[in-house]
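Build me a structure from this.
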Amino acid sequence: MLRVVALALVAAASSAAADANPRPVVGILVQPLQPDVASDQPLLRYGSMYLPASYVKLVEAAGARVAPVFYNSTAAQLKALFARLSGLVLPGGHVSILDTSYADAVYSLLDLAAVGRH
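Residues are numbered from 1 along each chain as shown. Predicted structure coming up:
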């Protein structure tokens, strides 16, 4: 019970602080673990997605805050989050952009960027 209350207080405090913080918020699309990486059983304890720390550090070094953008979010969730972002990073690399939920998120976010925030 105490943990729930503590988490609620932290969430409320961070929400209030986020509204008062003038730094831009840059979203970074979270990547799925690939089959060759996912076969590493100790790594799977931590989940099936990852956000490369190098991207987070680069965005923070530029003075922005980072918001993870989960590729398995619904279109409505992506749209709501996109409206609150100042920028977006779409990491490349070892992930397919053809017929995957990651690709669906990429194309949804690109469509939102092309249309604008409204």
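
Please, which helix or strand holds Pro68?
strand 65-69 (DSSP states H and E).

Mind listing residues that contact that strand?
18, 21, 23-30, 51, 56, 59-60, 78, 81, 84-85, 88, 105, 109 (Cβ atoms under 8 Å, 6 or more residues apart in numbering). Placement of C-beta: from N, CA and C, glycine included.

ok, of those, which come out buried?
Buried members of these, counted by 16 or more other Cβ atoms under 10 Å: 25-30, 51, 59, 78, 81, 85, 88, 105, 109.

which is the next helix or strand following the helix or strand bottoming out on mean pLDDT in the chain?
Across the helices and strands of the chain, mean confidence by mean pLDDT, DSSP states H and E is lowest for helix 2-20: a mean of 45. Toward the C-terminus, helix 2-20 is succeeded by strand 25-29 as the next helix or strand (DSSP H and E).

what residue ranges in this protein are flagged as low confidence?
1-19, 34-45, 117-118 (pLDDT under 70).

Any buried residues in stretch 88-97, and which?
Neighbour-count burial for stretch 88-97, counted by 16+ other Cβ under 10 Å, picks out 88-90, 95.

Any chance of the buried ones among the contacts of strand 65-69 in CSV with distance to Val69 as columns?
Output for those, formatted as CSV (distance: Cβ to Cβ, whole Å):
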residue, distance to Val69
Val25, 11
Val26, 10
Gly27, 4
Ile28, 6
Leu29, 5
Val30, 6
Leu51, 9
Val59, 12
Leu78, 7
Leu81, 6
Leu85, 8
Leu88, 7
Ala105, 7
Leu109, 7
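
ok, so of those, who is nearest Val115?
The closest of the buried ones among the contacts of strand 65-69 to Val115 turns out to be Leu109 (Cβ to Cβ; 10.9 Å).

sorry, back to before: which of the buried ones among the contacts of strand 65-69 sits closest to Phe70?
Minimum distance to Phe70 across the buried ones among the contacts of strand 65-69 is 5.2 Å, recorded for Val30 (Cβ to Cβ).
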